[in-house]
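Enquirer: Build me a model:
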Amino acid sequence: MDANLKILGEYRNFLKNQKNLSDKTILNYLADCDRFFKYLGSAYITDLAHIDVRVMREYLASLYEAGYARSTIARHLACLRSLFKYLYQCRIVETNPLLLLHAPKKVRRLPQFLYRQEVEQLLEQARPTQTQPDSRLLEIRNLAVLELFYSSGLRIGEAVQINIGDIDLEMRSLIIKGKGRKERMAPIGRQAAGAIGSYLSQARPALVGSPPDRSDPLFVNWRGKRLSTRGLYEIIMKYLRGLGVARNLTPHVLRHTFATHLLEGGADLRSVQELLGHARMSSTQIYTHVSGERIKKVYEAAHPRAFGK
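Expert: Below is the predicted model of the structure:
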């Protein structure tokens, strides 16, 4: 097992320095690898060179028996593919047992999204109403958060990293540090820019108590410190719960809503892919569930035998 710990340590350095993955992604990879090594220990397999397709199939079967979802098993398999590719390149193993192993088919679920009237209700909830200064400052911040999420399709992990220098309200643009530390430029809607401008001029100076520097965080908590992932999650969930809808909503619904409404408005899939920061088109294609109303309008406008023609 000491040898496996050494391999995991070297693999971690490879993921960080060569693959340039985020710390959170690396932790997820290592957790999956650690589970695999523990399985090997329970099966009395001490030499990685003895791992073949049969062993891998038995491991995947153990995940099924443990009740893991298909998506989770597919993630485990993707992690192990990366690990064994690394082991093969380093000549720690002579063959890669995963080359002939197929991932379980994922169940493709349509993403949850908000209807336009629900977005309006969500933002209306967040409009500052408090007369107490401290509460009003946080409400101004919260409205800026919601407007920016809906305007730019952010992930929570991206939003917490935004610094003052990443945002340009005059040009209405934002630099987003996405997955794999890849940067992309995103536009900011006029209303979102107005809400952020109000936050920067009214709320943030009072919360922080000092002039901002370009490297300072954009969104801060009541103590003037960078908002955490958990803190941002709870802010958004507060207003999503306020909608009172039966659907199971999470903050990621705002990203889904951003993409869905762009497509409903006529945006092409490639542009939406760029705005979301997806590396593969297949990740974006799930948003092609545009409303029936839009499909009917496109049909009526384009087909020579459409209704009324």
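
Enquirer: If you count neighbours, what's buried in the helix or strand in which Leu138 is found?
Expert: Per DSSP states H and E: Leu138 is located in helix 133-152. Residues of helix 133-152 classed as buried: 136-152 (neighbour count, 16 or more other Cβ atoms under 10 Å). Heads up, the C-betas are built off the backbone N, CA and C, glycines and all.

Enquirer: Quick check: chain neighbours aside, which residue is closest to the residue sitting nearest the centre point of the chain?
Expert: Centroid-nearest residue in the chain: Arg155, 4.4 Å away (criterion: Cα atoms, centre = their mean). Leaving aside its sequence neighbours, Arg155 sits nearest to Arg255 (Cβ to Cβ, 6 or more residues apart in numbering; 6.4 Å).

Enquirer: I'd assumed Ile156 was in contact with the one you found.
Expert: No. With contact defined as Cβ atoms under 8 Å, Arg255 does not reach Ile156; the gap is 9.1 Å.

Enquirer: re the thing from before, check which helices and strands the helix holding Leu138 sits against.
Expert: Here helix 133-152 touches helix 116-126, helix 156-159, strand 173-177, strand 183-187, helix 190-198, helix 204-208, helix 229-241, helix 253-264, going by 3 or more Cβ pairs under 8 Å, 6 or more residues apart in numbering; DSSP states H and E.

Enquirer: mind putting the ones you listed in TSV, distance to Arg57, mean neighbour count and mean pLDDT included?
Expert: Formatted as TSV, these follow (distance: least, Cβ to Cβ, whole Å; neighbours: other Cβ atoms under 10 Å; pLDDT from 0 to 100):
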stretch	distance to Arg57	mean neighbour count	mean pLDDT
helix 116-126	45	15	94
helix 156-159	34	20	93
strand 173-177	39	19	92
strand 183-187	39	14	90
helix 190-198	50	18	96
helix 204-208	55	17	95
helix 229-241	36	16	95
helix 253-264	35	21	91
